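1. Quick one: sequence plus predicted model below, questions after.
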Amino acid sequence: QVQLVESGGGLVQSGGSLRLSCAASGSLFSVNTMSWYRQAPGKERELVASITSGDITNYADSVKGRFTISEDKDKNTVYLQMNSLKPEDTAVYYCNAALIVNGLTYGKNYWGKGTLVTVSS
């Protein structure tokens, strides 16, 4: 089992910045990809950014150039630095851990409980 705890959400004005953190614990050897997803009211959950154990990153087009995902392996913590925030970034942000090989997920998908980010205009 892998446990994920997000923090860092809050209310910020348009153009502002926030940094989300995801503290991971448990059987971390069973996963190789950490991701941030988000779900806005009335919308499906979408991938925001991911980072592999080899430090390969991937971003949704809507956040490229504004968000940065990083990982502190010593602390087992993944971060999402969000700059130039827009009202459309308002959502609950979820941390995810999974074993992904060639685009396919093997085993269990682990999720945190989420942290709310609200961007006011």
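-> Arrived safely, thanks for sending.

2. pLDDT-wise, which helix or strand of this protein ranks last?
-> strand 104-111 (a mean of 92; mean pLDDT, DSSP states H and E).

3. burial count for Phe29?
-> 9 (other Cβ atoms under 10 Å). In short, each C-beta sits where N, CA and C put it, glycine included.

4. Confirm it sits in a strand?
-> No. Counting by DSSP: H, G, I helix; E, B strand; the rest coil, Phe29 is located in no strand; its state is helix.

5. That one and Ser53: what is the separation?
-> 10 Å (Cβ to Cβ, to the nearest Å).

6. now swap in Asn102 and tell me
-> From Asn102 to Ser53 the distance is 15 Å (Cβ to Cβ).

7. ranges for the strands of this structure?
-> 2-7, 10-13, 18-26, 33-39, 46-52, 57-59, 67-72, 77-82, 91-101, 104-111, 115-120 (DSSP state E).

8. Format those strands as JSON lines; extra columns: mean neighbour count.
-> Below are the strands of the chain laid out as JSON lines (neighbours: other Cβ atoms under 10 Å):
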{"stretch": "strand 2-7", "mean neighbour count": "18"}
{"stretch": "strand 10-13", "mean neighbour count": "13"}
{"stretch": "strand 18-26", "mean neighbour count": "18"}
{"stretch": "strand 33-39", "mean neighbour count": "22"}
{"stretch": "strand 46-52", "mean neighbour count": "19"}
{"stretch": "strand 57-59", "mean neighbour count": "15"}
{"stretch": "strand 67-72", "mean neighbour count": "17"}
{"stretch": "strand 77-82", "mean neighbour count": "22"}
{"stretch": "strand 91-101", "mean neighbour count": "20"}
{"stretch": "strand 104-111", "mean neighbour count": "13"}
{"stretch": "strand 115-120", "mean neighbour count": "17"}
